[in-house]
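Student: A structural model of the following input is requested.
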Amino acid sequence: MRVFLTGANGVMGLATVDALVEAGHDVIGLVRSPGAAEIVERHGGQAWYGDVFDPTALRAGMDGCDVVVNFATRIPIGATAYRPGSLTAVNRLRREGAATVAEMARELRVERFVQQSLSFIYQGRGDEWIDEFSPVDVTWVTEALVIAEDHARSIEETGGVSVRLRYGLIVGDDRNTRYVLSRARRGKPFALGDPDGWMHVIHPDDIGTSVVAALGAPAGAYNVGAEPLRRRTYADLIARAAGREHGDFLAPWIVELGGDKMEMLTRSHRVSSALFTERTGWRPRHRELTEDWFPARD
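Tutor: The predicted structure follows:
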């Protein structure tokens with residue numbers, strides 16, 4: 001298949017380029033700079049200049065493609081996440097950018113549209129398992145994710161197939177993992193929420209293979225990730241990778257200062273990916289979080 005990919009030079013994008021190329025597909029990766037183009041081409045994709053707000057560039061890049069994968073995102077990392085307006089850029093990508101990408105895909109009658117989403121949108125459920133039929137909690141923070149999923153579903157108006165992939169927290173060689181490892185090395189608290197609560201995580205490589213699987217998935221929203229784990233287990237694994245014995249949690253009052261943004265990140269999410277496995281045969285290569293997931297210390 002010929003696949004048009006936004007966010008091609010990001011962590012999710014490059015893992016997806018690798019997996020699609022390995023599976024024999026042609027990848028057209030949307031980029032905004034020569035440096036990004038060089039990275040995408042080094043991974044085996046073809047770079048296409050433009051951005052998700054430029055319908056002319058999108059239309060030209062998508063022309064002749066069978067699939068559009070929208071992975072354009074911009075997540076604030078570290079202390080920047082606490083600042084007012086920290087979600088403005090990523091919310092615009094999800095509200096306006098995803099709308100433009102989907103509109104061009106409909107116009108060209110692309111057969112399949114794959115949209116990145118997050119399992120953070122579910123209500124916290126304690127120790128209960130969460131599947132695709134569990135209740136979603138729409139706040140001003142999660143609303144943009146729901147809107148992006150709705151834009152993706154609009155491809156069905158022209159007979160296309162819409163697949164929305166609800167990923168867990170990316171853990172691997174990415175900016176957020178490097179940030180929490182840095183805090184752990186300095187003995188700073190970094191973990192969030194109730195230590196006995198659950199987390200849904202995914203290795204970047206498994207994002208790539210999930211997109212390959214999504215090329216044959218029935219329309220729908222799917223949870224995608226590794227086995228859920230306790231937040232205390234996550235914190236201690238990070239700490240050990242940083243050369244310490246135990247991971248420390250941020251004080252509840254600090255989390256409360258972050259309002260809804262932080263509340264979303266502290267929910268107990270024991271998320272099941274069984275439906276995606278049942279319908280596509282996909283299984284994570286990195287089934288359980290281990291220290292091997294983390295980047296080597298610089």
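Student: rest of the way, CA atoms for contacts and neighbours
Tutor: OK.
Student: Could you check how far the nearest residue to Ala226 once chain neighbours are set aside is from Leu215?
Tutor: Take Ala226 and drop its neighbours on the chain: the residue closest to it by C-alpha to C-alpha, 6 or more residues apart in numbering is Arg287, 4.9 Å away. In this view, Arg287 and Leu215 are 21 Å apart by C-alpha to C-alpha, to the nearest Å.
Student: ok, the two, which is more surrounded?
Tutor: Each of Arg287 and Leu215 has its neighbours counted (other C-alpha atoms under 10 Å); Leu215 has more, 21 against 15.
Student: quick one: Ala221 and Asp66, what's the gap?
Tutor: For Ala221 relative to Asp66 (C-alpha to C-alpha), the value is 20 Å.
Student: and what of Asn223?
Tutor: Distance from Asn223 to Asp66, by C-alpha to C-alpha: 23 Å.
Student: between those two, who's got more neighbours?
Tutor: Asn223 (24 against 19).
Student: so the more buried one sits right up against Ser119, yeah?
Tutor: Yes: using C-alpha atoms under 8 Å, Asn223 makes contact with Ser119 at a distance of 6.6 Å.
Student: which neighbours do those two share?
Tutor: 166-168, 271 (C-alpha atoms under 8 Å, 6 or more residues apart in numbering).
Student: Those residues into a markdown table, with extra columns for neighbour count?
Tutor: Below are the shared contacts of Asn223 and Ser119 laid out as a markdown table (neighbours: other C-alpha atoms under 10 Å):
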| residue | neighbour count |
| --- | --- |
| Arg166 | 23 |
| Tyr167 | 25 |
| Gly168 | 23 |
| Val271 | 30 |
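Student: Of the residues you listed, just say which sits nearest to Arg244.
Tutor: Gly168 (25.0 Å; C-alpha to C-alpha).
Student: Local confidence estimate at that closest one?
Tutor: At Gly168, the model reports a pLDDT of 97.
Student: Then Ala79?
Tutor: So, for Ala79, pLDDT stands at 67.
Student: Give me the average confidence score over stretch 272-291.
Tutor: Mean predicted lDDT for stretch 272-291 stands at 97.
Student: how far does it stretch from start to finish?
Tutor: 22 Å.
Student: mind listing what's buried in it?
Tutor: Within stretch 272-291, the residues scored as buried using 16 or more other C-alpha atoms under 10 Å are 272-277, 280, 282-284, 286, 289, 291.
Student: hey, where'd the strands end up in the stretch 1-150 of the chain?
Tutor: 2-6, 26-31, 46-49, 67-70, 112-118, 129-130 (DSSP state E, counting those that start in this stretch).
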